[in-house]
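>>> Kindly return the folded structure for what I paste below:
(chains A and B, ligands or ions: 1)
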Amino acid sequence: METKKLAQGAAPRKLSDYLTRARDKAPAHAGHGAGGAQSVRNDHYRGHEIEIVTTYKILVDGKKVRAPLGVDASGQVHCHSLPNYQTASAVDMVRALIDGFPEEFERKPAPSKSRPPASHKRRPAPARKSKPAAKKGSKHEH
Amino acid sequence: MAVVRSNISTNAGVRDQYIEGVKLLKKEASGRTTDEFGIPGAARSVSTYDLFVIWHVTAMMIETPPGNPAQRNAAHRGPIFAPWHRVMLMVFEQNLQRVLNDANFGLPYWDWAEDGDLPPQEQSSAAIWGANCMGGEGNPVASGPFAFHANDPSAFRVRISTNISGELRSVNRGLRRAFGVSTDALPRTAHVTNALALSPYDSPDWDADANTFRNRIEGWMNDDGVSATSMHNLVHVWIGGEMLLGSSPNDPVFFLNHCNIDRLWESWMSRNGRVYVPDMTAGADLKGHRIDDPIGSPLGRSATPRETLDVSAIYEYDALI
Ligand SMILES: [Cu+2]
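Numbers count the residues shown, from 1 in each chain, chains lettered A, B, ... in the order given. Model prediction:
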């Protein structure tokens, strides 16, 4: 790599010009973004053709989660919006989605005139700042 | 002359310059606004720093090729991982040199394996998370140079993030970190040593199941050849918050992690030579990952993986492994 080429290309204007071009050309979030959560795995075995189509339907608090989950050839769950993580279980991936996108899971307190406003009993737990005390089965004790 | 990249934990001068440089790039207007990048909502000025956030998310959106089952994109999950991030870091380093007015500034790295060798419960109090370095965890981060202060418009803020679908969106909030939530501990020195012992840079099927140096350092497989979140990926996941998302360059520690990954790649090349695979005989399904394919960057079509193998005119590391 030549120093001159790098110095010229690194100007913020060059970077922003490149980015606007790249975003124009990028297929409009094809395959993900639209909430697509389907993967197709193909294999051949003893002359048979195997096709496995996996579709996730995920509900959190009864609400559909439109996250682009997929499963790769070795069965690992992956999610485009959590690009550095893979899990053996979609449940762990959804937990990570809740950690990664807290505002998308915020529960609005049910509007109610009859309930006294001071009651905290039925409210969801406040957003935690510290680590969860227990995550069943997926953390080692130390 | 080549600049020297050094360890942030042992070079206080470079550490302070890095913090200063990040703040300057965050304050510098790029001249562009969010609407020009298709970000919904009112048009807002985009800082030079945030161009790197957009760049990373954009690269992730470009599937190579579209719809490939390995989910390879223009920067991840395939051979291009090391060269693409090397280019991103060099462009970032150039901008830091410019705003710091110091042509000798070299990007620092975070040797996370040093902290990974500590007992897990001590890792979140390592020096890197000190108030004089990257600050600690929180939603928002409340200590260190990138702490959030609601009433201070000049305090560090996240302005561009992604939604649950992975698309860019405007936000206005503090930086988030939550150490050790989805994983217990950082990668250790043994993981680094074992990765460096692998001689193929990459190999078929060029994906997250390949038992190769690239796949190990990217972090899709553990030392036993089993799918797992490890090394580079594990660092992202252990830090949590911003680092979980495609917009992870929002956390300035992103660049320190990748600088260390780049140092591992350089260490691997010092053993195996300046070699890269796949070459151009590979099929079109590897387009974007082959040695003479253009890297998605502002450096133009001539910036290819081959061009990134020898960067000795630009930078070197104070210590390889
Ligand atoms: Cu990346």
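>>> Low-confidence regions, chain A specifically.
Along chain A, the parts satisfying pLDDT under 70 run over A:27-37, A:110-142.
>>> All the helices of it, residue numbers only.
A:3-9, A:12-25, A:90-100 (DSSP state H).
>>> same question, chain B
Along chain B, counting by DSSP H, helices occupy B:12-27, B:48-61, B:81-100, B:112-116, B:189-196, B:213-218, B:231-239, B:253-272, B:305-308.
>>> Turn those into JSON lines, including mean pLDDT, distance to chain A and mean neighbour count.
(Glycine included, C-beta is placed from N, CA and C.) Shown next, in JSON lines, are those (pLDDT from 0 to 100; distance: least, CB to the nearest CB, whole Å; neighbours: other CB atoms under 10 Å in any protein chain shown):
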{"stretch": "helix B:12-27", "mean pLDDT": "98", "distance to chain A": "9", "mean neighbour count": "18"}
{"stretch": "helix B:48-61", "mean pLDDT": "97", "distance to chain A": "5", "mean neighbour count": "25"}
{"stretch": "helix B:81-100", "mean pLDDT": "98", "distance to chain A": "4", "mean neighbour count": "23"}
{"stretch": "helix B:112-116", "mean pLDDT": "98", "distance to chain A": "14", "mean neighbour count": "22"}
{"stretch": "helix B:189-196", "mean pLDDT": "97", "distance to chain A": "15", "mean neighbour count": "18"}
{"stretch": "helix B:213-218", "mean pLDDT": "98", "distance to chain A": "9", "mean neighbour count": "26"}
{"stretch": "helix B:231-239", "mean pLDDT": "98", "distance to chain A": "4", "mean neighbour count": "26"}
{"stretch": "helix B:253-272", "mean pLDDT": "98", "distance to chain A": "10", "mean neighbour count": "22"}
{"stretch": "helix B:305-308", "mean pLDDT": "98", "distance to chain A": "5", "mean neighbour count": "22"}
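>>> between those helices, which one is nearest to residue A:19?
With CB to CB as the criterion, residue A:19 lies closest to helix B:48-61 of the helices of chain B, at 5.5 Å.
>>> just how off-centre is the closest one within its chain?
The chain centroid and the centroid of helix B:48-61 are separated by 11 Å under CA atoms, centre = their mean, to the nearest Å.
>>> Same question for stretch B:63-77.
Per CA atoms, centre = their mean, the centroid offset for stretch B:63-77 relative to its chain is 18 Å.
>>> Now the terminal residues of it, how far apart.
From its first residue to its last, stretch B:63-77 covers 10 Å (CA to CA, to the nearest Å).
>>> how about that stretch, does it reach chain A?
Yes: judged by CB under 8 Å from any CB of the partner chain, stretch B:63-77 and chain A are in contact via B:63, B:66-67, B:69-71, B:76.
>>> circling back to that earlier point, pipe the helices of chain B into a markdown table and attach distance to residue B:202 per row.
Shown next, in a markdown table, are those (distance: least, CB to CB, whole Å):
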| stretch | distance to residue B:202 |
| --- | --- |
| helix B:12-27 | 31 |
| helix B:48-61 | 18 |
| helix B:81-100 | 9 |
| helix B:112-116 | 22 |
| helix B:189-196 | 12 |
| helix B:213-218 | 4 |
| helix B:231-239 | 14 |
| helix B:253-272 | 11 |
| helix B:305-308 | 11 |
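>>> And the ones you listed: which comes nearest residue B:154?
Residue B:154 lies closest, by CB to CB, to one member of the helices of chain B: helix B:12-27, at 7.5 Å.
>>> counting contacts, what elements does that closest one pack onto?
Counting contacts by 3 or more CB pairs under 8 Å, 6 or more residues apart in numbering or on different chains; DSSP states H and E, helix B:12-27 is packed against strand B:45-47, helix B:48-61, helix B:81-100.
>>> what's near enough to touch the spatially most distant residue from the centre of chain B?
No residue in chain B sits farther from the centre than residue B:151, which is 30.2 Å out by CA atoms, centre = their mean. If you count contacts by CB atoms under 8 Å, 6 or more residues apart in numbering or on different chains, residue B:151 has none.
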